[in-house]
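Novice: just coords:
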């Protein structure tokens, strides 16, 4: 069976790599800044790397410091409560600001609907219990 990543357009692979590395950088910053969520950025990076570079995906998942944040979710152990709170809080803050800045009712409706759906998704994920 052929490698599906090799069949992706090269520009798409580069875009996914760029988003992945930006997400890793933001996730690492989020470890030190309490207002920036770490887990969602590292999960986004893992998803981007899984679709663009198996080598970087493996590096991230097996990384001694960053890997546990991702493995807990991938193994079905859940998302840390802190990650859920920050992800939902920052999402609603940014959606709220966007709704103030964007006067189009249909756009506001789309943003609010998206925020509700993402909130429900995050809340339905298992919460990682402290061992």
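Specialist: Good, I have the coordinates. Remember, it's a predicted structure, so these values are computed and weren't measured experimentally. Residues are numbered from 1 along each chain as shown.
Novice: Just the strands from the chain, written as ranges.
Specialist: Per DSSP state E, the chain carries strands over the ranges 79-80, 127-128.
Novice: Make CSV from the ones you listed and add mean pLDDT and mean neighbour count to it.
Specialist: In short, each C-beta sits where N, CA and C put it, glycine included. Output for these, formatted as CSV (pLDDT from 0 to 100; neighbours: other C-beta atoms under 10 Å):
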stretch, mean pLDDT, mean neighbour count
strand 79-80, 80, 20
strand 127-128, 85, 16
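Novice: Format these as CSV; extra columns: distance to residue 12.
Specialist: Below are the strands of the chain laid out as CSV (distance: least, C-beta to C-beta, whole Å):
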stretch, distance to residue 12
strand 79-80, 28
strand 127-128, 32
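Novice: closest to residue 121 out of those?
Specialist: Residue 121 lies closest to strand 79-80 among the strands of the chain, at 10.6 Å (C-beta to C-beta).
Novice: next one: that closest one to chain centre, how far?
Specialist: Centroid separation between strand 79-80 and its chain, computed with C-alpha atoms, centre = their mean, to the nearest Å, is 12 Å.
Novice: can you check stretch 73-80 too?
Specialist: With C-alpha atoms, centre = their mean, you get 13 Å for stretch 73-80.
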